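> have a look at this prediction, sequence included:
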Amino acid sequence: MLYKAHEWGNGPADIGKGVKLVKNIRGKERFLSEEEEAALLSVCSPELRRVVETGLLTGFRRQELISLRPEDMDFARGTLTVAAAYSKNGESRTFPLTDRLRAIIEEALAARGNIPTVFRTEAGEPWTRYGLSQAFARACRRAGLERLGPHVMRHTFASRLVMTGVDLRTVQELLGHKSITMTMRYSHLSPSHTRRALEVLEQRFSGKSPSNFHNTPISAGSPAGRKVLKIR
């Protein structure tokens, strides 16, 4: 607000000097358990279910989901593409088209009618951001969950990848994060990588006995009468 006041000519250039921004402290990312996912999908309409299943299998953002077009599919190569125009970071990315995902997309294409997008609402119209959020919230309520937004599908996708041992660089690529910093929020779900690091360190000493670890080097020519302390 202070910088904007200066931009409008209502304050000096250093009007905001010394004002520190409040840090954005992130809490734990909410993701769905398998039981919650089953409960949610059981109350979704076929139209909403296709979007939710795709979100859980791809980690796509809300805008990326509702903007998918038939021309983004390459069934011959087994890929689908998120267009740069609908990607948050302004860059397109290609995603593998797995068997389950292919079946969902083919089902959606067969039911879409004449709309330009892959997914349609119950009324036969393209999804909007607001419409998807409202439909998702209603489904959560019917499933007995707290009010959640569509972004929980993305968190669920990423969390499950990390918990099954997928490395963070691969998760970063699949999510379309420009920086690994964004992906690191899921690192606490993979404690195994720290254990593996310590196991590698221990392997260096696996063939040595404790008596070989001297803090003070012992010289063969030690002066007579001098005591050498061995630390074991």
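Thanks, I have the structure now. Numbers count the residues shown, from 1 in each chain.

> right, and residue 84 touches residue 72 too?
No. Judged on C-beta atoms under 8 Å, residue 84 makes no contact with residue 72 at a distance of 11.3 Å. C-beta here means a position set from N, CA and C on the backbone, and glycine is covered the same way.

> which one's more surrounded, these two?
residue 72 (20 against 11; other C-beta atoms under 10 Å).

> nearest residue to that one other than its sequence neighbours?
residue 81 (4.8 Å; C-beta to C-beta, 6 or more residues apart in numbering).

> residues contacting that neighbour?
Contacts for residue 81 (C-beta atoms under 8 Å, 6 or more residues apart in numbering) come out as 72, 74, 92-95.

> tell me the buried residues in the helix or strand harbouring it?
Here residue 81 sits within strand 79-82, counting by DSSP states H and E. With burial defined by 16 or more other C-beta atoms under 10 Å, the residues of strand 79-82 counted as buried are 80-82.

> with stretch 120-132 instead?
Those buried within stretch 120-132 under the rule 16+ other C-beta under 10 Å are 120-121, 126-127, 132.

> again, but for stretch 107-122
108, 112, 117-121.

> and it, average pLDDT?
Averaged across stretch 107-122, pLDDT comes to 95.

> format the CA atom coordinates belonging to the helix or strand where residue 94 lies as CSV.
Assigned by DSSP H and E, residue 94 belongs to strand 93-96. Extracted in CSV, the C-alpha atoms of strand 93-96 (Å, rounded to 0.1, in the frame of the first residue of the first chain):
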residue,chain,number,x,y,z
ARG,A,93,4.6,-29.3,-20.4
THR,A,94,4.0,-32.8,-21.6
PHE,A,95,2.5,-35.5,-19.4
PRO,A,96,2.5,-39.3,-19.9
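
> now the most centrally placed residue in the chain. Nearest residue, chain neighbours left out?
What sits nearest the mean C-alpha location of the chain, by C-alpha atoms, centre = their mean, is residue 158, with 3.8 Å. Spatial nearest neighbour of residue 158, chain neighbours left out: residue 186 (5.2 Å); criterion: C-beta to C-beta, 6+ apart.
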